[in-house]
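[1] predicted structure and sequence below. I'll ask about it afterward.
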Amino acid sequence: MLNSKSRSRLQHFIRQKSKLENKHVNLETPKLNKHLVNEGFTKLCLAFQKDIEKGEDGELGALLSEKEYLENEFDLLSKNNKALQIQFRHLLRRFLKIFTILTLVEIHCRELENEKLLKDINKLKTIMASVISM
């Protein structure tokens, strides 16, 4: 997320590093040349870092603020999601208890109805038996 100024500055640093490395080949003392390359590159990196920290219109600061805001939002949504999951589980348990009770009541009612029908059938059998035997 570098702006165009930062990108051009980065390309400039890379070119400078290449030039310094090329100078290294031409110098007679490699240790001195390496030191010059590293020193020049370090200066360019520090300048680049300062440019990023300044940013145009506080771009880096704005991005960091937005990142922090989004992380806070994510944490809040995660907490809310967990709370909703807990509530959903409680509601599901309550629903299952109610459903189980209603099912048991329905079964009991059907058993009572069956018992009544069996008694009625037995009464009818008795009546039929007495009518036939007459």
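    The structure has been received and is ready for your questions.
[2] what about the helices in this structure?
    Counting by DSSP state H, the segments of the chain that form helices are 4-26, 30-54, 59-133.
[3] need those in JSON lines with mean pLDDT, can you?
    What follows is those, written out as JSON lines (pLDDT from 0 to 100):
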{"stretch": "helix 4-26", "mean pLDDT": "71"}
{"stretch": "helix 30-54", "mean pLDDT": "71"}
{"stretch": "helix 59-133", "mean pLDDT": "93"}
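[4] turn the ones you listed into TSV, columns for mean neighbour count.
    C-beta: built from backbone N, CA, C; applies to glycine. What follows is the helices of the chain, written out as TSV (neighbours: other Cβ atoms under 10 Å):
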stretch	mean neighbour count
helix 4-26	13
helix 30-54	13
helix 59-133	10
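[5] list the residues that contact Leu102.
    If you count contacts by Cβ atoms under 8 Å, 6 or more residues apart in numbering, Leu102 has none.
[6] and the gap between it and Leu91?
    Computed as Cβ to Cβ, to the nearest Å, the Leu102 to Leu91 distance reads 16 Å.
[7] same check on Leu44?
    Distance of Leu44 to Leu91, given as Cβ to Cβ: 62 Å.
[8] His108 now?
    Separation of His108 from Leu91 (Cβ to Cβ) stands at 26 Å.
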